[in-house]
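In: Coordinates only, no sequence provided:
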């Protein structure tokens, strides 16, 4: 694994490298990712989605937004723990300027964004969308789509839609939120496409994410 590539600070549209040593320690590039996610409309929309907590002991309504904030806090600590081990194993990263806090910031930003793109009712919502296009009224649109596009809809996956939203061009913001490649890589989680389908139970084939 090339950790310097995996920890890339580059963003969509960059023409020059972004070395770690040139970063402003007061507002690190990976921390900018977190800020961009939390101020985005995609993140704010999570307050309208309920996070179902089975057998909850309280009457507190847990939204996807609240859940994502909690996940980001836990993710930051886990990222720092992993970063400490990785830096011990790869001293060259320390020489390049990386710190354990960088790993925590990457995981925190990816965790904050992890539910963006997921439909209401979670996996049940994904199945409902798939059924709509495979056997419901949406079937009339399928002939106009490529085999790949059809599979994306039949096996609808919120993670792939989240990746699309984070990088979606809009007026004045080419490249969407322009998160660092490191954060986008951590967000993707499932580094495969909907095709080809592989008859295996390996975790890498469980879901698609790009």
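Out: Okay, I see it. On a predicted model such as this, the values are computed, not experimentally measured, just so you know.

In: what's the first-to-last distance across stretch 12-22?
Out: 18 Å (Cα to Cα, to the nearest Å).

In: Just the buried residues of that stretch, please?
Out: residue 20 (16 or more other Cβ atoms under 10 Å). Heads up, the C-betas are built off the backbone N, CA and C, glycines and all.

In: Just the pLDDT at the residue lying farthest from the centre of the chain, thanks.
Out: Of all residues in the chain, residue 140 has its C-alpha farthest from the mean position, at 31.1 Å, by Cα atoms, centre = their mean. We have a pLDDT of 96 for residue 140.

In: can you check residue 49 too?
Out: In this model, residue 49 carries a pLDDT of 74.

In: Quick check: the gap between residue 49 and residue 43.
Out: Separation of residue 49 from residue 43 (Cβ to Cβ, to the nearest Å): 11 Å.

In: Settle it for me: which of the two has more neighbours?
Out: residue 43 (22 against 19; other Cβ atoms under 10 Å).

In: That one touches residue 111, doesn't it?
Out: No: when contacts are counted by Cβ atoms under 8 Å, residue 43 is not listed as touching residue 111 (11.7 Å).

In: shared neighbours of those two, which are they?
Out: Residues touching both residue 43 and residue 111 by Cβ atoms under 8 Å, 6 or more residues apart in numbering: residue 68.

In: Can you name the residues in contact with stretch 108-128?
Out: For stretch 108-128, the surrounding residues in contact (Cβ under 8 Å, 6+ apart) are 30-31, 33-34, 37-38, 42-43, 46, 49, 52, 64, 67-69, 71-76, 79, 129, 156-166, 179, 183, 186-187, 189.
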